[in-house]
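In: coordinates only, no sequence provided:
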Ligand SMILES: O=C(O)c1ccc[n+]([C@@H]2O[C@H](COP(=O)([O-])O)[C@@H](O)[C@H]2O)c1
Ligand SMILES: Cc1cc2nc[nH]c2cc1C
């Protein structure tokens, strides 16, 4: 595949890490008492290269696309729900719309290849925004051949890079919508991390046990039909979706720009998995929002060496988990920037 990918530098900076740890240890609290929030603060400082990280103009990017595989009955819902939910995101009534509004996250919905084109609308400042970056009206059926051509996949990657390049701020939250896309995530996990397909395949939007067995059989066919696609970009083209490829491009661009990347559930993790196989330092910029209820997400998190912040049994996608985790990132920054040190507050910080 011919595509120029952005360079993602290694962020390892031992003196800064030590300075951040020292700053946290001198805040007015027992050593380590803010638990995981302290690790989060450390990570945000490392990403931004400062002892006083600050989050600005956070962007929630929800990428949407349809999947040829959906015709094989791999989802509990029909493909039409994809465009209908895109309309709902833009109208302000979906979970991610509500949560983005609550937390002051600018919502951008990208039509990366929804089967039915979502009509353009007027731009209203602060309201959800629609970006058209349609590669095609849904992918091909991966159970009989590649889901995308390499050129289509490269186009989707470039679209994701372009969207992020044009965004303000220093934090990107990832979301997605696409009936059939838990299948895509399962296939990429199986192919790129070598996890047995049965352990990657789950209920998605709500299949019962018989439905999951049917889904698994279709996914076995997809792996067999694309047996040669073993490298990350080949696998993405053969097994992926337009929204997952667009997210992969967005992740690479955001990582190259040292934005904080807040990863949502099973599907956005699959985009990060591909990006991390291409540029491992991507993971240094990622904050994993939550552990999804979807079967396979545990393996996915393991493959990404990720420790998610929340465990709420969410299995919605859209970026809902990323939005819910957002205030924790804001709190972590405030701890570093605003909490008093022992010296400043006149509190005796010496342990007996
Ligand atoms: O993010 C997750 O972990 C997650 C888990 C299960 C389902 N989803 C959402 O449900 C849709 C995919 O489910 P399915 O059953 O159609 O493959 C897609 O729109 C996702 O946003 C998302
Ligand atoms: C209603 C509905 C909303 C969603 N949001 C993300 N995936 C979804 C799938 C369905 C079916």
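Out: Cool, the structure landed. What you see is a predicted model, and the numbers here were worked out from it, not measured in a lab. Residues are numbered from 1 along each chain as shown. Ligands and ions are numbered 1, 2, ... in the order given.
In: and the stretch 1-150 of the chain, which residues reach ligand 2?
Out: Selection of the stretch 1-150 of the chain residues close to ligand 2 by C-beta under 6 Å from any ligand atom yields 77, 81, 85. (Glycine included, C-beta is placed from N, CA and C.)
In: just the buried subset of these, written out for PyMOL, thanks.
Out: Buried residues within those, by 16 or more other C-beta atoms under 10 Å, are selected in PyMOL with:
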select buried, resi 77+81+85
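In: which one among the residues of the stretch 1-150 of the chain next to ligand 2 gets closest to ligand 1?
Out: residue 77 (6.0 Å; C-beta to the nearest ligand atom).
In: and the closest one, how close does it get to residue 67?
Out: 12 Å (C-beta to C-beta, to the nearest Å).
In: now do the shared contacts for the two.
Out: Taking C-beta atoms under 8 Å, 6 or more residues apart in numbering as the contact rule, residue 77 and residue 67 both touch residue 179.
In: ok, the nearest residue to residue 204 once chain neighbours are set aside - contacts?
Out: Excluding the flanking residues, the one nearest residue 204 by C-beta to C-beta, 6 or more residues apart in numbering is residue 182, at 3.8 Å. Shown in contact with residue 182 (C-beta under 8 Å, 6+ apart): 75, 202, 204-205, 266-267, 294, 296.
In: of those, closest to ligand 1?
Out: The closest of the contacts of residue 182, once distances to ligand 1 are taken by C-beta to the nearest ligand atom, is residue 204, at 2.2 Å.
In: am I right that that closest one is in a helix?
Out: No: Residue 204: not assigned to a helix; according to DSSP: H, G, I helix; E, B strand; the rest coil it is coil.
In: tell me who's in contact with the closest residue to residue 289 other than its chain neighbours.
Out: Spatial nearest neighbour of residue 289, excluding adjacent residues (C-beta to C-beta, 6+ apart): residue 325 at 3.7 Å. Residue 325 makes contact with 262, 287, 289-290, 309-310, according to C-beta under 8 Å, 6+ apart.
In: can you confirm residue 325 is in a helix?
Out: Yes: secondary structure of residue 325 (three-state DSSP): part of a helix.
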